[in-house]
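Chemist: Sequence and predicted structure are below.
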Amino acid sequence: MERTSRRALAALAVAAVTLLTATLAGAGEPDWNRLDDPLQGGIGLHAGKIGGTGLAFKWPLRWYLQLQVAGGLWHTQDDQRHNVGVELEYLLRQDPRLRFFLVGGWSYNNHRQLVDEVGGRFWHEDPAWNAGCGVGLEYLMGPRWSLKADLDFTYQHERDSTTIWPQAGVFFYW
């Protein structure tokens, strides 16, 4: 597993533990369907091949359709990585604490690394994109926190293959 992927998963695990702690300390009954507080926009962390890895934002386009944008930068002096992902979530079912949805998305990833070759040091660039669709669940843990997971058929440009990949996220809604 790449070092960046391990960092993203570690950050997601820390966020999940923080979320669980905040949920146990929180008050109020969580409910996606409250009319006085519809939990419209969200901010959080996301890790996935089509939805992007890093800081994530969610906005409702309609009550049944959400847009998510996520991405991140990981740069050192000799290694530069960045990605952005966009996905749409179409709600199939929304209970007070659980959402079941279809997801489709696209992401762009770029990796630049400074390599030593004959004649000097050069930047080796490796751009790639992914696209896919699948199904997912989002569980409202507390009054404003949720955990999201989905399983997607993902086309990976750099490998010219389609495989099943999981995605995960943690969000705070306002």
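Modeler: That came through fine.
Chemist: burial count for Asp37?
Modeler: Asp37: 12 surrounding residues under other Cβ atoms under 10 Å. (C-beta placed from N, C-alpha, C; glycine too.)
Chemist: So it, which state does it fall into?
Modeler: coil (DSSP: H, G, I helix; E, B strand; the rest coil).
Chemist: what comes up buried for the strand or helix carrying Phe101?
Modeler: Applying DSSP states H and E as the criterion places Phe101 in strand 98-117. For strand 98-117, a neighbour-count test (16 or more other Cβ atoms under 10 Å) marks 99, 101, 103, 105-109, 111-112 as buried.
Chemist: how about the residue of the chain most remote from its centre, phi and psi?
Modeler: Within the chain, the residue lying farthest from the chain centre (Cα atoms, centre = their mean) is Gly119, at 40.5 Å. Main-chain torsions, Gly119, degrees, to the nearest 10: phi 100, psi 0.
Chemist: Likewise for Val118?
Modeler: Taking degrees, to the nearest 10, you get phi -60, psi 130 for the backbone angles of Val118.
Chemist: Equivalent analysis for Lys49, please.
Modeler: Torsion angles, degrees, to the nearest 10, at Lys49: phi -80, psi -30.
Chemist: show me the contacts for it.
Modeler: When contacts are counted by Cβ atoms under 8 Å, 6 or more residues apart in numbering, Lys49 touches 107, 130, 132, 152, 154, 156, 165, 167.
Chemist: and what of Glu87?
Modeler: Contacts of Glu87 by Cβ under 8 Å, 6+ apart are 50-51, 67-68, 103-106.
Chemist: Closest one of those residues to Glu29?
Modeler: Set against Glu29, the nearest of those by Cβ to Cβ is Gln68 (25.5 Å).
Chemist: host element of that closest one?
Modeler: Going by DSSP H and E, Gln68 is in strand 65-75.
Chemist: what does Val86 give?
Modeler: Per DSSP H and E: Val86 is located in strand 79-94.
Chemist: Run the chain-centre distance for that strand.
Modeler: Put simply, strand 79-94 sits 5 Å off its chain's centre (Cα atoms, centre = their mean, to the nearest Å).
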